[in-house]
Structure formats: structure tokens, C-alpha cells
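**Student:** need a structure here:
(2 chains)
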There are 2 protein chains.
Amino acid sequence: MTNGADILAQTLVAQGVDTCFANPGTTEMHLLAALGRTEGLNLHLCLFEGVVTGAADGYARMSGKPAATLLHLGPGLANAMANLHNARKAATPMINIVGEHATYHLACDAPLTSDIAAMAGTVSDHVTTPQAANNVAQDTAAALAAIAGREARVATIIVPNDVAWTETEVPSAALPVAQPQAHDPADVDPAADALRQGPGGLLLIGAPHITRRMAELAQAISDSTGCRVFTEAAVGRMSRGGSAPSLRRLPFHVDPATSALEGVADAVLVGARAPVAFFAYPGRPSDLLPPDASVLPLCPPLGDVETALEALAEALGATCTTARKLAPLAVDAGAPITAETLGAAVAWALPNDAIVVDESITNGLHLFANCGDSPAQHDWINNRGGSIGYSLPVSVGAAVACRDRPVLCITGDGSAAYTPQALWTMARSRLNVTVVILANRSYRILTNEMSKIGAGAPNEFTLPLMSLEDPAPDWVKIAEGHGVPGERVSNARSLAEAVARCMAEPGPRLIEAVM
Amino acid sequence: MTNGADILAQTLVAQGVDTCFANPGTTEMHLLAALGRTEGLNLHLCLFEGVVTGAADGYARMSGKPAATLLHLGPGLANAMANLHNARKAATPMINIVGEHATYHLACDAPLTSDIAAMAGTVSDHVTTPQAANNVAQDTAAALAAIAGREARVATIIVPNDVAWTETEVPSAALPVAQPQAHDPADVDPAADALRQGPGGLLLIGAPHITRRMAELAQAISDSTGCRVFTEAAVGRMSRGGSAPSLRRLPFHVDPATSALEGVADAVLVGARAPVAFFAYPGRPSDLLPPDASVLPLCPPLGDVETALEALAEALGATCTTARKLAPLAVDAGAPITAETLGAAVAWALPNDAIVVDESITNGLHLFANCGDSPAQHDWINNRGGSIGYSLPVSVGAAVACRDRPVLCITGDGSAAYTPQALWTMARSRLNVTVVILANRSYRILTNEMSKIGAGAPNEFTLPLMSLEDPAPDWVKIAEGHGVPGERVSNARSLAEAVARCMAEPGPRLIEAVM
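**Tutor:** Numbering: from 1, shown residues only, chains lettered A, B, ... in the order given. You can find the predicted model right below:
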């Protein structure tokens, strides 16, 4: 006897999905039973749905294949949406399975009834609701094909309970997957010509995963032409360190970003969109390129970026060389933890093969560059959606995907407070994640942003709304409460040593870095 | 100089809004500045948006007037949505203020861009986006009038950043408010006749706030006719205890609910909807009344329930009497904490004027009835939306609304793990909330539901997805990590004594009740 839920689980496995992060409820009991009895699926319980979807995001970024999520009706999906927003902006493939009332029960408008499809539509590129068990195979296969082919990133399948529990004889299905879009060869020479002009040329790169090879090619192109090279401000995953050139990111804030792009005459976009400001600010532009700059798209977003860069390098006769990097110096004993010493301390501590999930926000000013100059090969994960609370959940998924690699999650305290439940899954699933909480006890970015956006300096009325003092969260206790050993450090040398030690040990650890 | 944000804040205050729960970001800086400088508004910071909206829900239930929330763009709203779902199902009036990119910036599709109106529409009855500063007064007033008149419960106003920061000379506005719908006098006699038949008659009551007077009237009607009386399965707020009759709720689960309604021939609905099952179960009905029962709606949902009950009692010549209640007995020293002893322990400990926020789920079987028989007058708050993680945030708001009353939050450990950040606001705002965590270390309801819904018994694959063991959360540490003193008890007598002591002390306390 095979029901709709079984067919869904079997279709997932047949298409290579092997991991499901879950927070189920009553309407997901048949789905859970089927996922449990289908060989080849690993299930991970998360205590909050924002952890579920963030974990699926991190898993896909590091494994290159989608994870499934299991969510409870509309409110479960709602809790999951902020990290679905982030996943979608990072073009992370993911399939969400959301339980729904039985089809005939919806007319009752029961307490948990809501418009799940409308919710899902705001954070998904592909939404489907099989109306009968016989439709499940085709609808699931279509969703998986769409995310595999990048026609969609986030797919959501809404499964009415009677569809899950009804028997069916329609077997699991597979549909053809589209290949990533290639560049147009006719665009290569004009792009090469534009970059040959030197610093007036800009090579802007974007991709869900910027590989070491892409970085080598981009650096070679810049070396041979003198053009500027940037990646987009945030990259979903970048492989770097060791012999890979350390690419610069376009700055986050509008002022340094426009400065970085001043004088650009021609911008060659390889997998990137023309850069825009994160927020609008009175009197500042929304489009970051100089108004008279011409834009030459060589490869579309989500296209075959590496091949496009190879063609561009070939046209320019650019040759890749290998970067040689020195071990970073240890930070001074007794130096306080600041944005400067944080970068140095982490670069010093970073082991080879590390995965860094970066939500350092105001304290990350030097972190990315310092680690890029490290001889330790590593992967760097950034948030492209801007919704904070992403790094703890994403670290869960990255660690599940790469059991043999240490994960370093560096997060502001304000950000960490959105999804602390991720700590529990780190403990439950024995994940090698070292969490560094940057405890400045403030939404520091807001105290900076307030005057930049013209709303005046923080004052006695507004400052308490940006402060995490009174009481200052005790992150060691919060960690221990979730089953993760914690410690507190208050200078950069101790932080560096703690990071190195914790990453070398199995299982999760939390370090509260008091700033 | 007055900008759109100022006019919004002034319109709120002019219409009686005095409290705003907030988790702002860059796009809310002008709104925050305006809320801060407008006299008569109290701001409370919450570290997660689900706490923001749950707190606004609790505030309105206890104060009878709407609170405002301040949320950061689409993802901030997304995090808020599960408790907006609950608030809307409880018919709680609330106005959400969601910041948005400047109107001209939306075309950039910046990282935090999303379809906020579509998201808001899934959890709001009234959504508006003023497109210019000159529209803010009218749009805000319309939203406030809609929720005050119960045409809408949850209203969401989306404020583009340039609308907030642009100057305007249009002053704050007010619009007329509709009165609650009255019953049709012609319906009273047929309803009275239906109830006179005795137990074949059912009086089913629903209201956002079931007052002591409503309970007295319902009991009098039942005493004079022999009809059955129930409230809906969940009530947003019920004033009870002391001299008020202890009304029964319709059972949550379909089987006891259909048993409770067996033999009902005529159902008189006063502010209630015809009862439906919480979920669909194979072979069980969705509609809970016997198929041949006739339904007599006397007063519509959100109508003037008290007046309708007065009319019904008068038609029946029913006279209210006063319930006399004895102090509950202390539980045996050494009795373990179970659903039975929990009810007895809390009833024993309950002080006069308490507010109980109940998310006890599987352990609440006797709690409600035991406390209803207590001589302590109190208010009882229940979840009508079914999305767990509501009680800690709602307790924040209830305590802000009623500074002089002790709040008791009774929650399952699984539920508490959705919104633990509420603990921090309890500490920050010095709220007299006593949190009891029912630590059965399990989503116990799911282990019950799985076989009921026909998905088989939990097994080695599925049981770990319903278990909170390995590791068991340490709620004392989680509380202390958020600035709330914690303690652990493991028998019913200690629990009762701890509840009584903590509720008598100012400030928040957490008690982990190990079951």
C-alpha cells in the first residue's frame, strides 16, 4: 500500500534529495511517516521553522543539491519565510513540503486554516498543490526539475492531508532539467575591449557559488587589463583562501559603494545584476554605477559564469597565476575585540577546509578581507537577502552537508537572538559548529543608519530600541540551555585561541565575544 | 516641520493608541524617531517579531484597545505572521506598521525587497500603503476606524520610507467607528423555545472577551432550561473564577467534542460559529454538530453578545445566582507533576486578579476546569489560531496592559521554544510574569495525534522528530540567559508553592516543571 505521502518521499529520493529538515504537526503526520520509512532520507528536527529553512539553505549551498523542509500549515510556513526570503535571494534550490488540511476540511475555516498558497507565493518561485494522490508524483517531479534547472530556486509543495493519506498506484516521476544559460559568444569581444581600458572598466561577478577557478580567472583578467574587479556585495558561497586570489566585494553601504565605482565607464556583468543600494537614503542614488556608465551583460544571473569567464580570459590572453599567502600573525595579547582585531583573530585561527558563515554586520569590516588573505582554504557564506537571523540556521545545514569540515558561525548578538533554537539542532545532530557571538549588546547598525537616513541622532527615546543592554543576554547560558557548551572571552587573543580550539574539537561550541 | 511618520504617530495617539511593540530596522528609523518624540506612546523592544505581534495581541485582549507594532519590511512581517494569525483568529484589534523601501527604490529589487502587501494580506483584514505623506493621516485613521469597529481585526499599514520622511501639512485625522452588530429581537423567542427542551438544546457562546456577566447569564439560562452550555473550544479572553459560574469549553479533539454534542437537536449560537473539528481525521466528521441538528444564530460573531444573552435570559425568566466556591486543597507533597496535579496545583496557587495565559496543550486537561472552580477571580487567555509559540509573547502584552496584576504563563516546552526571546522583554520591561514550562521534553500532542490520524504508531524513525530529549533544553539556563531568574521543580507541591511565591514577587520568573 502506497499513499500520496509515500510517492512524495520516493520522488524526492529518486531525484537525489537525501536530507529533510523538519518541524511537523498533525497535518504532517502522514508525510513524516512516509519520509521516515523511505530509505535514503535523513531527517533533522529543528525547534523553530526559521531554523528549518535556514538549515536547508546552508545544506544546499555546501552540498550543491536541494534539501527538503517539512512545515506545519500556514503558520509553520510563516515562521519559515524570513529564511526562505534569504534563500531565494541567494538562488538556493530548496523544496518546502507544507501540510494542509484535508481538501474537504478547508471550507470549515478551522483555527489553523489560512491561505498557504498566497503566503508561499511571496517567498517561492514555484508553488504547487496536488489536489489528489495521483497528482503527487508529477507535481513533485515538476517542482524538483524547476529548482534543479534554476527556473525556480525555492519551490513549495502544499500537501492536503487527504492527498497524503490516500492510496495511489502512480509511481514516482522524473522530469528533464534545463541547463544553465550560456553566454553569447558575440558578447565576449566587446566585454574584453571594455576591460582593456584599465580602471574605467569594471568586471562585476555574481554567482550562487563563486569557485576558486572563477576567482583565478577574474584576477587574471584584472591583472592583464588593469580593470577593477568586484563580486556583488554579498555572495551566497565563495571558495577562497589558500592559493585563490582574494576578490573584493562591492561595499555594503551606498557611500563607499559609489566611491568604489567612481569613474567606471563600462561595467561588464558576469552573473551579476547592475548594482543597487541596499536601502534608499535621501539625496543618495539607488543605482550605484555612475549615470553615464555603459553596462555590458556577458552572462545572465544564474548562467554559466565559469565558462563565460574562461572565454573572457582567453580573449584577453590572460593567464592565471597562483596567489602565495603567509600565515597571519597572532593578535596582541590583551587587545580588545574590535572590528579590526576580529578580522586578524579569525584569520589567525582559521583551519584549512573551514566553512565560515558570516553575519558579523558592523563588526565584519575587515573579517572577509583578512580571511581571504589566509593560507587556509575555506568557503565563505554570506546573506544575500538581508533578513537577519540567518547564520545560526545556515550553519546547521552547512555542517550537515559537510560532516568532515568545521563550521565557524560569526554573528552579531542581535542577529543571533532571532533564531537561537538552531543551537539545539547543533547539539542534537552533533554538528561541528563553532558559534562566535559578537556581543556589542546593541543593534549597532541602526545607531549608524539612523542619522545616515536623515532621522537624526539616536536619543533618549529611540536609543533603548536599539540597545540589547538591560539585561545583556548571557549567551553562555543560552547556549548551555540548548545543550551547547559555552565560554566567554573579552580580548582578541583569547578569542583567536578559543576559535582555534573549538573548531578542532568535535561537536558544537559557543563563544561569547564581549566587545 | 512634520513628516509622514509624525502624522502617523500623532494619528495613533489621537485615536487612543498608547503602546507600540517594536523591532525596527533601517527603513523604520523615521517611524521610530516620530514614535519616540510623540507624547503618549510607550515603546517596548522585542528581539523577535513573533514576540512583537504576540505582545500586541495580549495587550489588546487585556486593555480592550489596540496596540501598534513596528516591523522591518517583508521579513520582519514574515516573522510576525504566526502570531498575527493567532490574533486575527481571536479577533484582536491591532495595527501593524511595516516599513518599506522608498517608493522609487522598489524598482531596484534590492536584497530586502519583497511583496509586503501580499504577505500582509494573508494575516490582515485591512492592508493599506499610503503612497504620499499627505495620505498618511487618512489611511491611518481608516485603519484604526476599521479595527475599532471590528470590520477588521488586524490592520497593516505599509509605510514607504520616503512617505515617512517627506514633510506634510495634512493634520492627523479621525473617522467614525461602527457599533457592534446587535441581535435581531425576532430571533429571541425561537432560541428560547429551542433551549426549553432541555439537554437537546445547546447554547454555544463565543466572544473575544467572555465576561463574568456573560457567564452568569449563560448559567442562568442553563439552570432554567436544562440546556447544555459551552463556550467555543478556545476563547480569546474569559473573566472567571470567584463568584462567576465555571463555563465548560467545547473539547478540543473531535472525539470528545462529538460526544459532548451527541443528541443536540437545536444549537443556539450567540457570538459563536457552528463548531468544526480542529483537523480532519479519516472517518471523522468536520462539522461537530449532529447532522440533523438545527442551527439558530442569535448573535453573529463579534456582535453584541452580552445584550443578546440578556434578552434570552429575560425571555426565559432566568435569574442569575452567584456561585460559591471553596479554596482548593493543596496537592499532596511528593505527587509528581501530571495533567491532574497541574490543575490542582495551579488552582491552589492562583492569586486573586491573576491573568492566566494558557498554552498547556496536552497537560491542560484539568487546568481550565480546576481554576474555574477557584475562588480567585482571574482572566483566562487561550489561543484561537492554533499556532504554537503564542503564550510567552501574549504574556508580555498582558503584563504591559495590566501592570498591577500578576500574569501566569503556562506553556509546553515545545511551544516555548518558538518564541523564547519574549523572556528578554519580560526582564527589560520589568513585567510581573511567572512562566511555567511544562517540560515533558516532547511534542506530546503529536505522539497522540499520529495514530489518531491514521499514520500509525510513532516508530524509531518518527519518534525522534517528536522528542525534545537529547539534549533536553535547560529552561532555567535559557531563562537566566534572557535575564529572567529561573528554578526547577519536579513535584506538584513544589510547583504550587513556586507559582504562589513567584506571582507574589515583582518581575518575571521562570519555573521549569519537570514531568
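**Student:** use CA for all of it now, contacts and neighbours both
**Tutor:** Fine.
**Student:** Return the residues of the stretch 401-515 of chain A in contact with chain B.
**Tutor:** Within the stretch 401-515 of chain A, the positions near chain B by CA under 8 Å from any CA of the partner chain are A:414, A:417-418, A:421, A:424, A:427-428, A:446, A:449-450, A:453-456, A:461-462, A:464-465, A:470-483.
**Student:** List buried members of those by neighbour count.
**Tutor:** The neighbour count (16 or more other CA atoms under 10 Å in any protein chain shown) marks A:414, A:417-418, A:421, A:424, A:427-428, A:446, A:449-450, A:453, A:455, A:461-462, A:464-465, A:471-483 as buried among those.
**Student:** Looking at the residues you listed, which are in helices?
**Tutor:** Using DSSP state H, A:414, A:424, A:427-428, A:446, A:449-450, A:475-481 are the members of these that sit in helices.
**Student:** farthest pair in these?
**Tutor:** Within these, A:R428 and A:M450 form the most distant pair, 40.0 Å apart (CA to CA).
**Student:** Tell me how many other residues crowd A:E167.
**Tutor:** 18 (other CA atoms under 10 Å in any protein chain shown).
**Student:** ok, now which ones touch it?
**Tutor:** A:E167 makes contact with A:1-4, A:133 under the criterion CA atoms under 8 Å, 6 or more residues apart in numbering or on different chains.
**Student:** still on that earlier bit, identify, from the ones in helices among the buried ones among the residues of the stretch 401-515 of chain A next to chain B, the entry nearest to A:H105.
**Tutor:** For those, the minimum distance to A:H105 (CA to CA) is 34.8 Å, reached by A:W424.
**Student:** excluding its backbone neighbours, what's nearest that closest one?
**Tutor:** Once flanking residues are discounted, A:W424 sits nearest to A:H482: 4.7 Å by CA to CA, 6 or more residues apart in numbering or on different chains.
**Student:** list the contacts for that neighbour?
**Tutor:** Here A:H482 is in contact with A:421, A:423-424, A:427, B:471-474, B:478 (CA under 8 Å, 6+ apart).
**Student:** Please apply the same query to A:R237.
**Tutor:** Here A:R237 is in contact with A:61-62, A:208-210, A:379-382 (CA under 8 Å, 6+ apart).
**Student:** CA atoms only: put the longest helix along chain A into CSV for me.
**Tutor:** Using DSSP H, we find that the single longest helix of chain A is helix A:73-89. What follows is helix A:73-89, C-alpha atoms only, in CSV (Å, rounded to 0.1, in the frame of the first residue of the first chain):
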residue,chain,number,x,y,z
LEU,A,73,0.5,24.6,7.6
GLY,A,74,0.4,28.4,7.1
PRO,A,75,1.9,29.5,10.5
GLY,A,76,4.7,27.0,10.2
LEU,A,77,5.4,28.4,6.7
ALA,A,78,5.1,31.9,8.1
ASN,A,79,7.8,31.2,10.7
ALA,A,80,10.0,29.8,7.9
MET,A,81,9.6,32.7,5.5
ALA,A,82,12.4,35.1,6.5
ASN,A,83,15.0,32.5,5.8
LEU,A,84,13.1,31.5,2.6
HIS,A,85,13.4,35.1,1.6
ASN,A,86,17.2,34.9,2.2
ALA,A,87,17.5,31.5,0.4
ARG,A,88,15.6,32.8,-2.6
LYS,A,89,17.7,35.9,-2.9
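**Student:** Give the other helices and strands that that helix contacts.
**Tutor:** Other helices and strands packing on helix A:73-89, by 3 or more CA pairs under 8 Å, 6 or more residues apart in numbering or on different chains; DSSP states H and E, are helix A:49-63, strand A:94-100, helix A:116-121, strand A:154-160, helix B:73-89.
**Student:** burial measure for whichever residue of the stretch 201-350 of chain A sits closest to chain B, as a count.
**Tutor:** Using CA to the nearest CA, the single residue of the stretch 201-350 of chain A nearest to chain B is A:F278, 5.6 Å away. When neighbours are defined as other CA under 10 Å, A:F278 has 22 of them.
**Student:** ok, now which ones touch it?
**Tutor:** A:252-254, B:110-112.
**Student:** which pair in those residues spans the largest distance?
**Tutor:** Farthest apart among the contacts of A:F278 - using CA to CA - are A:V254 and B:L112, which lie 14.8 Å from each other.
**Student:** Quick check: residues of the stretch 151-300 of chain A near chain B?
**Tutor:** So far as CA under 8 Å from any CA goes, the stretch 151-300 of chain A lies against chain B at A:161, A:165, A:276-280, A:286-287.
**Student:** top of those residues by neighbour count?
**Tutor:** A:N161 (29 neighbours).
**Student:** That residue - nearest residue in space that isn't next to it in sequence?
**Tutor:** Per CA to CA, 6+ apart, closest to A:N161 is A:A102, 4.4 Å.
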